[in-house]
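J.: what would the 3D arrangement of this be:
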Amino acid sequence: MAKDLNKVLLIGRLGTDPEMRYTASGSPVTTFRVAVSRHWKDGSGDPREETEWFSIVTWNKLAEICHQYLSKNARVYLEGRLQTRSWEDQQTGQTRYKTEVVANDMIMLDGRRDAPSASGELTPPFGSAEPQRTEPILPNFDDDLIPPLDIGDEDIPF
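T.: Next comes the predicted model:
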């Protein structure tokens, strides 16, 4: 049976500066809104644009990083999940709902210098002489130490 999936990937721009608060237990939580635009051409070939606004919530270390390094109009990549919360409106007594993206990963796409990634590693400053790695660093294994496998076609299960 297939598992359920709740995953959101967004690239957009902050519409507000992030706001950080602390829960009663002292955990930092940062909220902000992100605009994501979609571009296309209509039937007559005219360019069209539609913008969706998403409410974003980050917690703990990621909340601190977002609060410290993001600002209005910053371009970001966010990964997270959708969550809907509810509360009772004190003025009307009605139940209110809000759907938010609870982000668990963030990458600053503007390349802000000396800013940590969500993992806490510093990004190199602009114009850094050190090239960016695009491949993971793999350990150097000596192939001579690994004995060859003696497998025939009859040993393969398919």
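J.: list the contacts for the spatially most central residue of the chain?
T.: A centroid search over the chain (C-alpha atoms, centre = their mean) returns Leu78, at 2.1 Å, as the residue closest to the centre. Contacts for Leu78 (C-beta atoms under 8 Å, 6 or more residues apart in numbering) come out as Val8, Leu9, Leu10, Ile11, Gly12, Val34, Ile56, Val101, Ala103, Asp105, Met106. For glycine as for every other residue, the C-beta is placed from the backbone atoms N, C-alpha and C.
J.: quick one: it from Arg96, how far?
T.: 24 Å (C-beta to C-beta, to the nearest Å).
J.: go on, Ile11?
T.: Taken as C-beta to C-beta, the span from Ile11 to Arg96 is 29 Å.
J.: likewise Glu49?
T.: According to C-beta to C-beta, Glu49 and Arg96 sit 30 Å apart.
J.: same question for Glu64.
T.: Glu64 is 28 Å from Arg96, where distance means C-beta to C-beta.
J.: now the strands: where do they sit in this structure?
T.: Counting by DSSP state E, the chain has strands at residues 8-14, 19-22, 28-41, 47-59, 75-88, 95-108.
J.: against which helices or strands is the second one packed?
T.: Here strand 19-22 is seen to pack against strand 28-41, helix 60-69 when contacts are counted using 3 or more C-beta pairs under 8 Å, 6 or more residues apart in numbering; DSSP states H and E.
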